[in-house]
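Colleague: Sequence first, predicted coordinates after that:
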Amino acid sequence: MSAALERNRPAVYDRLSPAQLREALRRMQLIRQFEEGAEQAYMRGQIHGTMHLSIGQEASAVGICAALGPDDKMTSTHRGHGHCIGKGADPKRMFAEFFGKESGYCRGRGGSMHIADVAQGNLGANGIVGGGLPIAVGAALALRQQKRPDVVVCFFGDGASNEGAFHEALNMAALWKLGVIFVCENNQYGMSTSTERSMSVANVADRAPAYDIPARIVDGNRFADVAEAAFEAVDRARAGGGPSLIESKTYRIRGHSRSDRNRYRSKAEIEDWITRDPIKMFAEELRALGILDSAEIARIQDEVAAEIAEGLAFARDSAAPDIADLLCYVYSAPIEQ
């Protein structure tokens, strides 16, 4: 590696091994190909309802999750497929959930917007805008009462920062110095309304000082920038320093949902963000630093493609829920006496 490249090597890579960086790229590819596969299945009529894709936001999800341990917790959003995979979810079971099959994470009852994987620390996605914010604070309080060192990451979008739950959650987390990392994935639009038209401040991070919470704005399309901010916030939370806010500036290439016709933004704007593809930038950086070569990067793409094909086949072949079990799992199972 040249001296110039060494100087430009992100410091956060000292905390991640080459194997971990390879896995980060693999997970970003897995998110992208998972959502592309889900989108195609939807267009073929194999998946019903709708879905909210995060194509273009992969570095944000994986960069944050790179700083988390297996026992750390997470709350997600309606645009949460990347968060699930970033935290270690199995794409086979995610596809099965999309297809409404019994082998899905929520036995086919949750669908795209409500995947939970408690074993991996994913406390659940949420179809309510801002719904995960108070849940994350409650989880962090529970961890405090149990005297556990684990932290909670709370993903939310720019639109959620205009909800009352955002302000209530930040206030209580700061008041009790809870180990919550609030992560705003600012993809510029809440449905079809731009942040310029919906916010009285330039950045979501500008709201954090009102609650004495440190905030940092990062390029959400650069894995290293996101991971560096995540490690800093997680270290602070584990040390008892309380909550932090990270605003990850990114962009969703697809519309708000599958029914979005994209009439509120220009083709030129979308194409400009496509040139800042987070997966391509990360892969090129790893190649330039000598961490991965072109052949290994291509091998990762092929591995992921095979995993996606296997996952789709698993979902198609899995059994549908029995109509007799229609009301099962709506509430927690009764405790046997």
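Modeller: In hand now; what should we look at?
Colleague: residues near Gln33, how many?
Modeller: Using other Cβ atoms under 10 Å, Gln33 has 18 neighbouring residues. To be clear about C-beta, it is placed using only N, CA and C from the backbone, and glycine gets the same treatment.
Colleague: for the host helix or strand of it, what is the average pLDDT?
Modeller: With elements taken from DSSP states H and E, the one containing Gln33 is helix 18-43. Mean pLDDT, computed over helix 18-43, is 96.
Colleague: same thing with stretch 252-259?
Modeller: 87.
Colleague: Tell me the helix or strand right after the helix holding Gln33.
Modeller: Using DSSP H and E, the helix or strand that follows helix 18-43 towards the C-terminus is helix 58-65.
Colleague: for that following helix, packing partners?
Modeller: helix 18-43, helix 81-86, strand 152-157, strand 180-186, helix 223-238, strand 244-249, helix 278-288 (3 or more Cβ pairs under 8 Å, 6 or more residues apart in numbering; DSSP states H and E).
Colleague: So for the helix holding Gln33, what gets flagged as buried?
Modeller: Residues of helix 18-43 classed as buried: 21-35, 37-39, 41-42 (neighbour count, 16 or more other Cβ atoms under 10 Å).
Colleague: With stretch 156-169 instead?
Modeller: Of the residues in stretch 156-169, those buried by neighbour count under the rule 16+ other Cβ under 10 Å are Phe156, Gly157, Asp158, Gly159, Ala160, Ser161, Asn162, Glu163, Ala165, Phe166, His167, Ala169.
Colleague: Report the spatially nearest residue to the residue positioned nearest the centre of the chain, omitting neighbours in sequence.
Modeller: Closest residue to the average C-alpha location of the chain: His83 at 2.6 Å, with Cα atoms, centre = their mean. Once its chain neighbours are removed from consideration, His83 has its nearest residue in Ser76; the separation is 4.3 Å (Cβ to Cβ, 6 or more residues apart in numbering).
Colleague: Ser192 too?
Modeller: Setting aside the residues directly before and after it, Ser192 is nearest to Tyr264 in space (Cβ to Cβ, 6+ apart), at 4.2 Å.
Colleague: how many other residues sit next to that neighbour?
Modeller: Around Tyr264 there are 14 other residues, counting by other Cβ under 10 Å.
Colleague: ok, now which ones touch it?
Modeller: Neighbour list for Tyr264: Tyr189, Ser192, Thr193, Ser194 [criterion: Cβ atoms under 8 Å, 6 or more residues apart in numbering].
Colleague: Val137: which element?
Modeller: Secondary structure from DSSP H and E places Val137 in helix 132-145.
Colleague: Can you point out the buried residues in that helix?
Modeller: Judged by neighbour count using 16+ other Cβ under 10 Å, the buried positions of helix 132-145 are Gly132, Leu133, Pro134, Ile135, Ala136, Val137, Gly138, Ala139, Ala140, Leu141, Leu143.
Colleague: Serialize these to a markdown table and add fields for pLDDT and distance to Ile213.
Modeller: What follows is these, written out as a markdown table (pLDDT from 0 to 100; distance: Cβ to Cβ, whole Å):
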| residue | pLDDT | distance to Ile213 |
| --- | --- | --- |
| Gly132 | 96 | 17 |
| Leu133 | 98 | 13 |
| Pro134 | 98 | 16 |
| Ile135 | 98 | 18 |
| Ala136 | 98 | 13 |
| Val137 | 98 | 12 |
| Gly138 | 98 | 17 |
| Ala139 | 98 | 17 |
| Ala140 | 98 | 13 |
| Leu141 | 98 | 16 |
| Leu143 | 97 | 18 |
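Colleague: Nearest to Lys177 among the residues you listed?
Modeller: Nearest to Lys177 among the buried residues of helix 132-145 is Ala140, at 9.8 Å by Cβ to Cβ.
Colleague: Does that closest one touch Ala173 like I think?
Modeller: Yes. Taking contact to mean Cβ atoms under 8 Å, the distance of 6.7 Å between Ala140 and Ala173 places them in contact.
Colleague: Report the residue spans of this protein with pLDDT below the cut-off.
Modeller: Confidence mapping of the chain against pLDDT under 70 gives the ranges 1-6, 333-337.
Colleague: how about a cut-off of 90?
Modeller: Regions of the chain meeting the criterion pLDDT under 90 cover residues 1-8, 43, 45, 47-50, 188, 190-198, 255-263, 324-337.
Colleague: Distance of the residue nearest to Ser192 relative to Gly124?
Modeller: 30 Å (Cβ to Cβ, to the nearest Å).
Colleague: try Gly159
Modeller: Distance check for Gly159 against Gly124: by Cβ to Cβ, it reads 19 Å.
Colleague: mind listing the helices for the stretch 201-337 of the chain?
Modeller: Secondary structure of the stretch 201-337 of the chain by DSSP state H, counting those that start in this stretch: the helices cover 223-238, 267-274, 278-288, 294-317.
Colleague: Relative to Cys65, which of those helices is closest?
Modeller: Proximity of those to Cys65 was assessed by Cβ to Cβ; the nearest stretch is helix 223-238, lying at 7.9 Å.
Colleague: got the contact list for that closest one?
Modeller: Residues lying outside helix 223-238 but in contact with it, judged by Cβ under 8 Å, 6+ apart, are 10-13, 15-16, 24, 28, 59-60, 62-68, 72, 149, 151, 179-181, 183, 214, 216, 218-220, 242-244, 246, 248, 278, 281-282, 285.
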